[in-house]
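Undergrad: Sequence and predicted model, in that order:
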Amino acid sequence: MKYMIMTFGSAEAGLAAMGKEWMLEMIQFMRNLDKDLTKSGELVSNEGLADGSQAKTVRIKNGIPVPTDGPFAEAKESLVGYWIVDVQNEARAIEIASKIVAFVKQPIEVRQVMDAPPEL
């Protein structure tokens, strides 16, 4: 079963609140996690994303798609990175997410990646 494990936040806010040393430790933690998941054969894909302040959102205004600066939601946090893992079950995906939460002390979202649209 494939799951997406998502981490939210703001690089700017994280750096300001936690400091450069913690950010470097967090990056090393993430690299080690990536190596472990690759070694176990569970890692499908993973990426870190640019800070949400660099995002563009496209909305319809007066029937025309219009790009605007910033993330989709008016929020201080947005998606900053993700892993897609192929694991035996949801419990394993939650176990991986729990390791991340223990380090970053922030919520992590876990969602199953669907193989097909839901049956209607």
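TA: Ah, there it is.
Undergrad: Now do the helix or strand of the chain with the lowest mean pLDDT: which elements does it pack against?
TA: One helix or strand of the chain scores below all others by mean pLDDT, DSSP states H and E: strand 56-61, with a mean of 84. With contacts taken as 3 or more Cβ pairs under 8 Å, 6 or more residues apart in numbering; DSSP states H and E, strand 56-61 sits against strand 64-69. Yep, even glycine has a C-beta here, placed from its N, CA and C like the rest.
Undergrad: returning to that earlier point: how big is the angle separating the least confident helix or strand of the chain from strand 64-69?
TA: Interaxial angle, strand 56-61 versus strand 64-69 (axes from the mean of the first three to the mean of the last three Cα atoms, to 10 degrees): 150 degrees.
Undergrad: mind checking how far strand 56-61 is from the chain centre?
TA: Strand 56-61 sits 22 Å away from the centroid of its parent chain (Cα atoms, centre = their mean, to the nearest Å).
Undergrad: Can you give the strand pairings for it, parallel or anti for each?
TA: Paired with strand 56-61 in the same sheet, following DSSP bridges, are strand 64-69 (antiparallel).
Undergrad: just to revisit the earlier point, list the buried ones in the least confident helix or strand of the chain?
TA: Across strand 56-61, burial judged by 16 or more other Cβ atoms under 10 Å covers no residue at all.
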